[in-house]
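[1] here is my input; please provide its structure:
(one chain, ligands or ions: 1)
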Amino acid sequence: MSAEPSCPWSTWSGHALVVGGGGIGQALLGELAARAPGLQLWCSQRRPLAAAEAVSGGVGAVRQLSLDVSDDDSLQALRQWALEQLAPLRLVIYAAGVLQEGSMTPEKRLSQVNRHAFERSFSVNAWGPLLVAQALEAALPRDQPALFASLSARVGSIGDNRLGGWYAYRAAKAAQNQLLSTLAIEWRRRLPQVCVTLLHPGTTATALSAPFRSAVAPPQLFSPERAASQLLDVLERQTPAESGRFLAWDGREIPW
Ligand SMILES: NC(=O)c1ccc[n+]([C@@H]2O[C@H](COP(=O)([O-])OP(=O)(O)OC[C@H]3O[C@@H](n4cnc5c(N)ncnc54)[C@H](OP(=O)(O)O)[C@@H]3O)[C@@H](O)[C@H]2O)c1
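    Predicted coordinates:
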């Protein structure tokens, strides 16, 4: 009987950061602890953290940092923290996102479109991951492989858009795809060891999808744990030579 191939990250050392400790973010951290035991895991929370929370976490535990991706001061603090604490940063997964918040709700028709929802959605879903990449760039390794992955969504695919609606979320995810595809091209020259990957997790039972998933049959609705495991299975197979891909949870390419 042949042994299971070991995870390529099992021997990695350094740091890993999951941005956004929501449903999928938390599940990713649980899976990463098993697959990459040599990496110090970090999770960002949007809310400010008390000093004790920020330093909590002994060996093998997840450490917390505070980051609001819509706030420039917060991003500047991340840049400083990355230089001081996070190098070498081998693995980053951007798992923050917003679909509905306060009066902002996915639009069904043109009359519901408004500027505030676009600004809010683009801030977190579009340029959030790019500004995080900018803040973290100096901590990424030059001499060993690393991954920068971000959770996009299939609805961000222009080629796959058959249903319409959800203007702000859809357009923000499409913009994220373009921004990170452009980043992959730049880093191929400047940080050739870093693989940039856009991932669609599939419909997953989290707070984000809760109001919108009544039509999704259980086999197509993933638990956060299952989604995280599938996403990491896909990510494990990515190498710097494949940087810039937009992949679904099953490893299949999604049209831009
Ligand atoms: N669930 C799905 O079916 C599904 C499908 C396709 C794609 N996705 C994508 O997967 C990712 C993870 O979603 P999820 O399902 O895990 O949703 P979730 O449970 O709602 O988690 C979203 C996370 O984003 C954080 N966030 C929102 N605004 C932020 C900001 N300004 N700064 C920092 N963090 C912020 C939230 O923080 P707070 O807790 O402070 O609000 C929360 O931790 C998102 O990008 C989403 O678009 C999800």
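[2] how close does the spatially most central residue of the chain get to residue 146?
    With distances taken as Cα atoms, centre = their mean, residue 94 lies nearest the centre of the chain, 2.2 Å away. Here residue 94 is placed at a distance of 14 Å from residue 146 (Cβ to Cβ, to the nearest Å). C-betas here are computed from N, CA, C, even on glycine.
[3] the residue nearest to the centre of the chain reaches residue 150, doesn't it?
    Yes - assessed by Cβ atoms under 8 Å, residue 94 is found in contact with residue 150 at 3.9 Å.
[4] who touches both of the two?
    With contacts taken as Cβ atoms under 8 Å, 6 or more residues apart in numbering, residue 94 and residue 150 have residue 129 as neighbours in common.
[5] quick check: nearest residue in space to the closest residue to the ligand within the chain, chain neighbours excluded?
    Nearest to the ligand in the chain, going by Cβ to the nearest ligand atom, is residue 22, at a distance of 1.8 Å. Computed as Cβ to Cβ, 6 or more residues apart in numbering, the closest residue to residue 22 that is not its neighbour in sequence is residue 206, at 6.0 Å.
[6] can you pull the contacts of that neighbour?
    Each residue near residue 206 by Cβ under 8 Å, 6+ apart is listed here: 22, 23, 24, 224.
[7] which strand or helix spans the nearest residue to the last one once chain neighbours are set aside?
    In this structure, residue 224 finds its nearest non-sequential neighbour in residue 27, 3.7 Å apart by Cβ to Cβ, 6+ apart. Residue 27 is part of helix 23-35, with elements assigned from DSSP states H and E.
[8] for that helix, C-alpha coordinates in CSV please.
    What follows is helix 23-35, C-alpha atoms only, in CSV (Å, rounded to 0.1, in the frame of the first residue of the first chain):
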residue,chain,number,x,y,z
GLY,A,23,-16.3,31.2,8.7
ILE,A,24,-13.8,30.0,6.0
GLY,A,25,-10.9,31.9,7.6
GLN,A,26,-11.2,30.1,10.9
ALA,A,27,-11.6,26.7,9.1
LEU,A,28,-8.5,27.4,7.0
LEU,A,29,-6.5,28.0,10.2
GLY,A,30,-7.6,24.7,11.7
GLU,A,31,-6.5,22.8,8.5
LEU,A,32,-3.3,24.7,8.3
ALA,A,33,-2.3,23.8,11.8
ALA,A,34,-2.4,20.1,10.7
ARG,A,35,-0.8,20.6,7.3
